[in-house]
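**Q** need a structure here:
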Amino acid sequence: MDYLSSDYRGIARDKLKGNWWISLLATLVAGILGGLNTGSEFRLNTSQFKQLSENLPDRLGEPFVAVYGALRYASTELFGDSSVLVIVYLVCLAIVLIVGSAVRLGHNMFYIDLCNNNSNLSTLFSRFGIFLKAFGLVLFMGLFVFLWSLLLVVPGIIAAYRYYMAPYLMAQHPEMGIREAVNESKRLMSGHKGRLFCLQLSFIGWALLASLTFGIGYLWLIPYVQTSMAAFYLDRTGQGIPLNVN
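**A** Next comes the predicted model:
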């Protein structure tokens with residue numbers, strides 16, 4: 001019998017009991033290092049180069065914003081045009097994507113472990129050994145979601161759900177290849193994309209409330225969502241993890 005969205009949320013609340021603060025800290029660190037939603041943020045849109053300097057702070061973690069600001073000021077003073085900004089942007093974005101891709105896998109693994117009643121902040125950094133493969137996975141997913149989006153918005157969304165499990169698979173099985181993780185994700189999500197969509201949609205009320213707190217509420221909402229997603233992943237992979245439904 002398939003779990004309902006309310007069941008996954010119940011599992012998440014159960015697993016987060018006594019673990020809210022470490023989960024909040026893990027989310028905060030992952031966000032600073034660019035490990036939240038790395039794949040969905042990657043876009044191949046060459047028509048927006050003139051807006052790069054305006055959009056960059058929304059894509060980078062805080063440590064990179066100060067560095068970028070200094071470089072932006074220096075390049076403007078020295079060169080007086082945006083060409084150097086494009087180069088700076090691409091270099092900074094590459095750093096964030098490479099570091100963030102590894103952290104994203106570690107962040108996924110943190111919540112998989114949390115569902116197994118084990119929480120350790122060091123798990124966030126446990127996948128730096130495969131940072132190039134993690135980056136390759138993010139690049140692969142971003143590229144193909146973009147290509148499908150060229151047809152229509154809906155095919156792009158479907159592709160994103162088709163590949164959704166790949167970072168979880170590689171996080172738990174770092175020996176997996178990129179194509180292997182993607183193909184396994186396609187298999188796991190076949191016939192279950194709507195269930196994941198409904199699960200994500202069930203958090204919309206909480207997201208609206210979090211937005212009223214100037215984004216601070218997301219520090220609590222993201223662990224809630226991520227634990228629910230990890231529970232969904234464990235359910236789909238048929239692992240014998242104690243998923244206690246309230």
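**Q** Which per-residue confidence value corresponds to V29?
**A** What the model reports as pLDDT for V29 is 88.
**Q** So it sits against L124, correct?
**A** Yes: assessed by Cβ atoms under 8 Å, V29 is found in contact with L124 at 6.0 Å. Quick note: C-beta positions are derived from backbone N, CA and C, even for glycine.
**Q** which helix is the longest one in the protein?
**A** Scanning the chain for the helix with the most residues, using DSSP state H, yields helix 83-115.
**Q** Run the chain-centre distance for that one.
**A** Mean-position distance between helix 83-115 and its chain equals 9 Å (Cα atoms, centre = their mean, to the nearest Å).
**Q** Stretch 215-235 too?
**A** Distance, centroid of stretch 215-235 to centroid of chain: 11 Å (Cα atoms, centre = their mean).
**Q** ok, now stretch 123-138?
**A** Distance of stretch 123-138 from its chain centroid, counting by Cα atoms, centre = their mean, is 13 Å.
**Q** C-alpha coordinates for it, CSV please?
**A** C-alpha atoms of stretch 123-138 as CSV (Å, rounded to 0.1, in the frame of the first residue of the first chain):
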residue,chain,number,x,y,z
THR,A,123,27.5,13.8,6.8
LEU,A,124,27.1,17.1,4.9
PHE,A,125,30.7,16.8,3.8
SER,A,126,30.8,13.0,3.2
ARG,A,127,30.5,13.2,-0.6
PHE,A,128,33.3,15.6,-1.3
GLY,A,129,35.3,12.5,-2.5
ILE,A,130,33.0,12.4,-5.6
PHE,A,131,32.6,16.1,-6.1
LEU,A,132,33.3,15.9,-9.8
LYS,A,133,30.8,13.1,-10.3
ALA,A,134,28.3,15.0,-8.2
PHE,A,135,28.8,18.1,-10.4
GLY,A,136,28.5,15.9,-13.5
LEU,A,137,25.1,14.6,-12.2
VAL,A,138,23.8,18.2,-11.6
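**Q** No further queries at this time; thank you.
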